[in-house]
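Student: What shape does this take:
(one chain, ligands or ions: 1)
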Amino acid sequence: MDSKKINIGVIGSGHLGQYHVKHYKNMNNINFLGLHDSNPERGSEIAKKYETKYFKNVSDLMDACEGVSIVTPTESHYDVAKIALKKYGCNVFIEKPITETILQADDLINHAQRKNLIIQVGHIERLNPALKALEKFDINPKFIDIQRLAPYTVRGTDVPVVLDLMIHDIDILLSLVKSKVKSIHASGVSILTNSVDIAHARIRFENGTVSSITSSRVSKDKVRKIKIFQDNFYSTIDLLLERTEVYNVTKDSNLIKNALQAEIFSAGNEKKYIVYEKPKIKNYDSLRAELDNFVNSILEIEKPIVNGIEARNALEVVIKINKMILEDLK
Ligand code: NAD
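Tutor: Below is the predicted model:
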């Protein structure tokens, strides 16, 4: 074991946790110590598969680690993360949503701040290469339309669609609009489960940006699309196909040289060009990038792409939307 490398572990090796184990095992700049799962059979099976150690006691793993991924069901995020932060001084990567309540999220953030520890949260879509491709543009949206439609599966249906799916898009929205939420209108319906399966929210920000977000887990096809409209700019981002398209209006004929397509239209006496561009999409695994970012944040090389406060703010909006839908349904 290299003493200069930080020690990392995984807590919860279910559907998603196994991929955390897989990626950490492939990292050369850490000591991956192993995993804990409250189900010893599952934990041992994944430990065997990835040739690592199964820790029967979570405290033994936390005690030995500088950082742990918490990939347990959401209801246990708070308890597990609190012990890791408070008792063992461990940095934590918590899968989304950060916790079930705002009080819990605030408590974790306070513990982390007091001890100078990192909370990073697995809002993985923020690292989606198609969204990352927008970074080179100046984004000041006037209107954003987001759709996330998924075929029905039992996984995730223990919570309303807003907490399972829409939270991804609320997090993206809050990262794109640099303003406070002014008002929310939301409605939803149950189709297949006892909780809300299809939800729609209209969010207005203090700077005037308006957004429309639809999430459904009763769809034949998968759709994950964002459309951004702003002055002289329109972009569509397909998070599923990892494709981004941008239309810019410009007066500068030099800008059309490298564009895929340019059209001229006259507005008054001015000539304007619509420049169509397909920004280059980098090819990488978002989960691996997220975990690299966690390790680099512990090493103080980077900052967490989604920190505890941002995750808490997304949760706050999502809880408001959910409450509004439930009141509307009464
Ligand atoms: P899962 O049910 O497949 O796995 C959870 C695992 O945790 C199980 O093996 C279970 O035995 C274990 N576990 C339960 N309580 C535990 C505890 N207190 N301590 C240790 N182990 C415990 O669930 P999953 O689909 O892997 O989801 C895990 C988390 O990841 C959830 O919070 C979920 O919302 C989140 N998730 C995020 C994304 C994303 O896109 N970022 C996708 C799927 C799931």
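Student: Relative to residue 11, how far out is the closest residue to the ligand within the stretch 51-200 of the chain?
Tutor: Residue nearest to the ligand within the stretch 51-200 of the chain: residue 95 (3.4 Å; CB to the nearest ligand atom). C-beta: built from backbone N, CA, C; applies to glycine. Using CB to CB, to the nearest Å, residue 95 is found at 10 Å from residue 11.
Student: same question, residue 166
Tutor: Distance of residue 166 to residue 11, computed by CB to CB: 26 Å.
Student: cool, and residue 290?
Tutor: 16 Å.
Student: which stretches of the stretch 151-300 of the chain form strands?
Tutor: 181-189, 198-205, 210-216, 223-230, 233-238, 243-250, 261-267, 270-277 (DSSP state E, counting those that start in this stretch).
Student: before we move on, the earlier item: for the residue of the stretch 51-200 of the chain closest to the ligand, which residues make a bridge with it?
Tutor: Counting by DSSP bridges, residue 95 forms beta bridges with residue 122.
Student: Give me the neighbour count for it.
Tutor: 20 (other CB atoms under 10 Å).
Student: dump the residue contacts of it.
Tutor: Counting by CB atoms under 8 Å, 6 or more residues apart in numbering, residue 95 makes contact with 12, 16, 69, 70, 71, 72, 74, 77, 121, 122.
Student: how about the residues of the stretch 1-150 of the chain near the ligand?
Tutor: Residues of the stretch 1-150 of the chain lying near the ligand by CB under 6 Å from any ligand atom: 11-17, 36-39, 42, 71-74, 76, 80, 95-96, 122, 124.
Student: Inside helices: which ones of those residues?
Tutor: Residues of those located in helices (DSSP state H): 17, 42, 80.
Student: quick one on the thing from earlier: residue 290 and residue 11: which has the busier surroundings?
Tutor: Using other CB under 10 Å, the more surrounded residue of residue 290 and residue 11 is residue 11, with 30 against 23.
Student: Tabulate the ones in helices among the residues of the stretch 1-150 of the chain next to the ligand (JSON lines), appending neighbour count.
Tutor: Listed next are these as JSON lines, based on neighbours: other CB atoms under 10 Å:
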{"residue": "17", "neighbour count": "23"}
{"residue": "42", "neighbour count": "17"}
{"residue": "80", "neighbour count": "21"}
